[in-house]
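**Q** Any chance you can model this:
(2 chains)
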There are 2 protein chains.
Amino acid sequence: MSIIDLPVSASPVDVVPLKYGVVVYQGFQALDVFGPLDALNSLSLAYPLQLYVIAETLEPVTTKPPKGLGNPAADFGQSILPTHTFETAPAVDVLIVPGGIGNRVPENISKAIDYIARVYSTLKFLITVCTGSAIAAQAGVLDGKRATTNKRAWSRTIQLRPQVEWVAHARWVVDGKIWTSSGVSAGIDIIFAFMGEAYGEEVATMIANFLEYERHTDSNWDPYADLYGIN
Amino acid sequence: MSIIDLPVSASPVDVVPLKYGVVVYQGFQALDVFGPLDALNSLSLAYPLQLYVIAETLEPVTTKPPKGLGNPAADFGQSILPTHTFETAPAVDVLIVPGGIGNRVPENISKAIDYIARVYSTLKFLITVCTGSAIAAQAGVLDGKRATTNKRAWSRTIQLRPQVEWVAHARWVVDGKIWTSSGVSAGIDIIFAFMGEAYGEEVATMIANFLEYERHTDSNWDPYADLYGIN
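**A** Have a look, this model is predicted:
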């Protein structure tokens, strides 16, 4: 029983990326991870995709911000289970790096930075969502590349690595194998743009319709750059 | 240090819903859960919200479809950790029920159905996303109420409970304390509509901008009803 049937224009299975990894750390932004992954969960009904959820340890990783950054009166978060650590993760074709308040704490992401620096050359694609680009940037892999990030966290993020050609006005930016998106929900648009390129436009449209998601298909659409006054 | 400051128009903390529960089961749709929850995660930076993740047991719950429904060649999913079982969950103000392929297997959701039937009268609000309405409908709590659901799964869902006044063309529907949305990403729009009503429109706008999310604010917007030919 097949829930999704691929259109004839779909890229054949032997030429598409199949192995995915996602980096998680305490205080990651849930939608940065689960926006792209839900599109890929759905795509995996048709393609034999694999996913590794990669963290510093195999302990559950919560979306709750690290101590001092969250609201101490709230108790609201979700915990995801890693499948691998930065030491045990198999090689992947595509690595997804989410943003989140948690990456404001350097020791919370130092191992993720090391991991990205170590595996970057082996990746076919690196996709960052929101301030996930701050983590990739600190790994040095965005140096000299065009990249974007969350617009509300713009100034804090770009000063972390001025060697990056930061693009202020963009829903997402592609430079070679590096795909970087703007804040949070922009991760959904970048994954569909990526899916269109890697698996076929009809495939991306089919999965977006499956999620009843109206895509922003223009990578230059970015009212939030204006809203946060960073043009 | 406060990451989000509420506008003066925000509803005061003593009149807003503070306790949330979300039901999860094997093969839930990730974005059905994490779209609404990420908006609420962000809102919890400003309001003292609490969340209980509720399942049949405390074992991790995967998004992977139950045997026979997924793609056997794929290995792609995420596991979330419940905080409570249907027996131990504290009372909540708002219960969120997601959809997903997993609810096509009756024994996979029978305990969730019993739980919803048992606690419904104690809820201030019930929010369903996608085929989450199929679960609520089977608990009998939607009988005689206006409700919507996923448009691709329309005919399979509505025949489960003809006593519901199913609304074919809607991004979401509100009937009393029951808020039901269309498929997957419609969960993000319904949670912002709910947030606007319960916490204030400026609050909803602020959080949507925080997520760089362009809302559909018209509950009648629904190109997917047309696409799947169910008008």
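**Q** Stretch A:204-220 and chain B in contact?
**A** Yes: using C-beta under 8 Å from any C-beta of the partner chain, stretch A:204-220 reaches chain B at A:209-214, A:216. Backbone N, C-alpha and C define where each C-beta goes, glycine included.
**Q** Check stretch A:3-16 too.
**A** Yes: shown here: stretch A:3-16 in contact with chain B (C-beta under 8 Å from any C-beta) through residue A:3.
**Q** gap between the two ends of that stretch?
**A** Chord length of stretch A:3-16, first to last residue, is 20 Å (C-alpha to C-alpha, to the nearest Å).
**Q** cool, and stretch A:79-88?
**A** End-to-end distance of stretch A:79-88 (C-alpha to C-alpha): 20 Å.
**Q** Just give me how far that stretch sits from the chain centre.
**A** 16 Å (C-alpha atoms, centre = their mean, to the nearest Å).
**Q** Name the residues of it that are buried.
**A** A:79-83, A:86 (16 or more other C-beta atoms under 10 Å in any protein chain shown).
**Q** Repeat that for stretch A:118-127.
**A** Residues A:119-120, A:123, A:125-127 are the ones in stretch A:118-127 that count as buried (16+ other C-beta under 10 Å).
**Q** Mind checking which of the residues you listed are in helices?
**A** residue A:119 (DSSP state H).
**Q** filter the buried residues of stretch A:118-127 down to the ones near chain B?
**A** Taking C-beta under 8 Å from any C-beta as the test, chain B is in contact with none of the buried residues of stretch A:118-127.
**Q** Which two among the residues of stretch A:204-220 next to chain B are spaced furthest apart?
**A** Farthest pair in the residues of stretch A:204-220 next to chain B (C-beta to C-beta) is A:210 and A:216. Separation: 17.5 Å.
**Q** quick one: which two of the buried residues of stretch A:118-127 are the most distant?
**A** Among the buried residues of stretch A:118-127, A:119 and A:127 lie farthest apart (C-beta to C-beta), at 13.7 Å.
**Q** so what's in contact with those two at the same time?
**A** Counting by C-beta atoms under 8 Å, 6 or more residues apart in numbering or on different chains, the contacts common to residue A:119 and residue A:127 are residue A:95.
**Q** gap between the two ends of stretch A:99-110?
**A** Stretch A:99-110: ends 14 Å apart by C-alpha to C-alpha.
**Q** Please report the average pLDDT across it, rounded to a whole number.
**A** For stretch A:99-110, the mean per-residue pLDDT is 96.
**Q** Surely residue A:51 is in a helix?
**A** No: using DSSP: H, G, I helix; E, B strand; the rest coil, the secondary structure at residue A:51 is strand, not a helix.
**Q** What count of nearby residues applies to it?
**A** 24 (other C-beta atoms under 10 Å in any protein chain shown).
**Q** So in terms of bridging, what pairs with it?
**A** Beta-bridge partners of residue A:51, counted by DSSP bridges, are residue A:20.
**Q** Name the surrounding residues that touch the helix or strand that contains residue A:192.
**A** According to DSSP states H and E, residue A:192 maps onto helix A:186-199. Helix A:186-199 is contacted by residues A:10-11, A:16-17, A:31-32, A:35-36, A:39-40, A:43, A:47, A:98, A:125, A:127, A:129-130, A:171-172, A:174, A:179-181, A:203-205, A:207-208, A:213, A:215-217, A:219, B:185, B:212 when judged by C-beta under 8 Å, 6+ apart.
**Q** now it: mean pLDDT?
**A** 98.
**Q** ok and that helix relative to helix B:186-199, angle-wise?
**A** For helix A:186-199 against helix B:186-199, the angle by axes from the mean of the first three to the mean of the last three C-alpha atoms, to 10 degrees is 170 degrees.
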